[in-house]
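Asker: Quick one, fold the following:
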Amino acid sequence: MNYLVELIGVSKSFGAYEVLKNVNFNVRPGEVHALLGENGAGKSTLIKIIAGVHEPSSGEIRVEGKLESFASPKEACNCGIATVYQEMLLFPELTVTENIYLGHAPRLAWGGLDWERMKRQARALLDSLDSHDLDEDAVVGTLSVANRQRVEIAKALSQDAKIVVMDEPTAALAETDVERLLMVVRRLRERGVGVIYVSHRMPEIFAIADRVTVLRDGSHIGTRAISEVNQEMLVSMMVGRSIEQLFPKVAADLGPAVLEVRNVSYHQRVQNVSLQLRAGEILGIAGLVGSGRTELALTLFGITPASEGQILVDGRHEVIDTPRRARDLGIAYIPEDRGLQGLIRPQTIRENIAHAILDRIARASFVDRSKERTLAAQAISQFSIKARGPEQTAGTLSGGNQQKVVIAKWLGTTPKILIMDEPTRGIDVGAKSEIYALMSKLAQQGMAIIMISSELPEVLGMSDRILVMSDGRMVAELTREEATLESIGAAMTRGKHQVEAGQ
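Answerer: Residues are numbered from 1 along each chain as shown. The predicted structure follows:
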C-alpha cells in the first residue's frame, strides 16, 4: 500500500511519563483519516511527531515510503506536511497574502518580493478552496475565526502540502462555518491531499472521514473504515466502557433565589435582560452566535459592568463593577476561551490554580508556595487531571485537562454562583461526561449554575430551565419539560426575526 505518511511502532516519553506506546498510524492519498481519543490519549503528541515538533523516542516515520527523521517543523514542511492548529499561527497585522506566503514568498530576478505574482497566486489558492469572498488584501486581524482558518489552509497548500493535519478545526466555529470548512476538506481530498482530522464532534467524523483511528492512554486501540462503525462503538473504544447516559443529570432540590437580574443592559450588546437563578438550579442559556450570551456573562461578572438595571445577590442590590467584586460576592466565571481567557498557558498548573485566590494565600506581597502546591495537588486528584504533577506547564495539557484546571481554579474561590460559558467546547466525550457529572454534583450541593452553550443537546440534557437570547435580548423561557430542539431553535430564529422587524 502506498502511504503518504506512515508511523510504525512509534513511542514517545517525557521523562518517565510514557505518552505514546508502540503506535501504528498511516494516511493514504486523497483520504481523510480521523484521529479520536479522550483528552490525554496521545492525539496531540502523535500529530506533533508528524509535524516535526517532537521526535519519537522509538519507532519509524516514513513519508511516501522513505524513512524520515524530523528535527523541526520546517523539516516536516519540506516533506510536504502542514499543520493547522486549533490556536492559529497567523500574524493579525499582516494581510491574507502576506500570511500565506510568509517565509516562502516568490521573488523577482534581482531578489525583491514579487508582489504581483504573490497576490495572483494567493487569489488562485483561495478560489480553489471556494473562498471567492475572501479578499487577499484584507488584514487578517479583521477576519472572523472561520476566515482565518481558511487562510491557514491556503497557507498550507502554498507550501505544496501533500498531508494536512487539522487539529480541532471546528472547535470555535458556528454551524454554518463548520459546513463550509467540511467543503474545503472535501476539496483537499479531491486534490489527492491526505488529511489527518482531529475532532471530538462525532457528526463531523461521520460526515467527512474515510477511516478512523482511536487512541486510548497512549495506545493504538484500532483503525476502522468509517462504514464499519457507529457512534456507540467509537465511544466505547475511546473510553473503554459504554456510556449509557452522556448527560448524568440528577434533579436537585431548588432553594431560594441567589441571583436576580432586573432589566440589565450593557449598551447595545445586552438589552433589558431579566432573569432569576435559584440555589441548586442549572439554568441553560441558548442562542445563536452574537446573540449576547457571552456579553451577559461578562456583565454579571463585572468585566463589562451594567450600564442600566439592577443585579441582586441573595436579595441585596449589588454594583458589580470588577471581577474581584463578583468573586467576593461568590460569583465565578469559566470563560468561553480557556486558552486566552481561562489560563496563562506558559505557567504551571500550580500557578494557574492559585490565580483567583492569590490575595487569600499571600502575606503582604509573598505568596505561600506551599499552599499553592497543596491546592494544585488536591485539584489534580479531585478532578482527575492527567498531568505529570503540579509543576507541569498548563499549555502542555490536553484540552479537557486544561478545562479541568480552569474549573478547579474557580471552584477554589468557593462560589455559590458558577457561570460556565461553553464548558465542554473542544473536549472529548469522556471528559464531557465527567464535567456534566461534576455540574450535577455541585447543583445537588446547592450551587447555582448558569450554563451557556452552543450545543443544544447539552443545554437540553443538563438544564432545569432554559432561556433563549437573540440580539442581546431574552426572547424565551422554557421549562425542562417544554424544551425540545425544535422549540429552542424556533425561539432563537423567531427572536432574531422579531428584533429585525422592530417588534
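Asker: Identify the residues contacting L300.
Answerer: With contact taken as CB atoms under 8 Å, 6 or more residues apart in numbering, L300 is in contact with 259, 261, 311, 320, 326, 331, 333, 419, 450. C-beta: built from backbone N, CA, C; applies to glycine.
Asker: of these, closest to S158?
Answerer: Comparing the contacts of L300 against S158 with CB to CB places Y333 closest, at 40.0 Å.
Asker: Is it correct that that closest one falls within a helix?
Answerer: No: secondary structure assignment (DSSP: H, G, I helix; E, B strand; the rest coil) places Y333 in strand, not in a helix.
Asker: residues near the residue nearest to it when sequence neighbours are not counted, how many?
Answerer: In space, not counting the residues next to it along the chain, Y333 is nearest to F301; the distance is 4.1 Å by CB to CB, 6 or more residues apart in numbering. When neighbours are defined as other CB atoms under 10 Å, F301 has 22 of them.
Asker: Would you list the phi and psi of F301?
Answerer: Backbone torsions for F301, taken as degrees, to the nearest 10, come to phi -90, psi 0.
Asker: Likewise for G489?
Answerer: phi -60, psi -40.
Asker: And it, how far from E179?
Answerer: According to CB to CB, to the nearest Å, G489 and E179 sit 16 Å apart.
Asker: three-state assignment of the residue nearest to E68 when sequence neighbours are not counted?
Answerer: In space, E68 comes closest to I61 once its chain neighbours are excluded; the distance is 5.2 Å by CB to CB, 6+ apart. Reducing the assignment to helix, strand or coil with three-state DSSP, the entry for I61 is strand.
Asker: so I61 touches I49, yeah?
Answerer: Yes: judged on CB atoms under 8 Å, I61 makes contact with I49 at a distance of 7.2 Å.
Asker: any residues in contact with both of those two?
Answerer: By the contact definition CB under 8 Å, 6+ apart, I61 and I49 are jointly contacted by 7, 10, 70.
Asker: Give the bridge partners for the first one, please.
Answerer: The residues paired with L7 through beta bridges, assigned by DSSP bridges, are F25, I61.
Asker: which ones are touching it?
Answerer: Shown in contact with L7 (CB under 8 Å, 6+ apart): 23-26, 46, 49-50, 56, 59-61.
Asker: just K12 next, same as before
Answerer: 18-20, 42, 45, 49, 54, 56-57.
Asker: Which one of those residues is nearest to R269?
Answerer: Comparing the contacts of K12 against R269 with CB to CB picks out T45 as the nearest, at 40.0 Å.
Asker: which outside residues touch the strand or helix carrying R187?
Answerer: With elements delineated by DSSP states H and E, R187 resides in helix 175-190, which encompasses its position. Helix 175-190 is contacted from outside by 30-32, 128-131, 144-146, 149-150, 153, 157, 164, 166, 169-170, 173, 195, 197, 201, 204, 207-208, 210, using CB under 8 Å, 6+ apart.
Asker: Below-threshold pLDDT in the stretch 1-150 of the chain: ranges please.
Answerer: By pLDDT under 70, the weakly predicted segments of the stretch 1-150 of the chain are 1, 39, 86-88.
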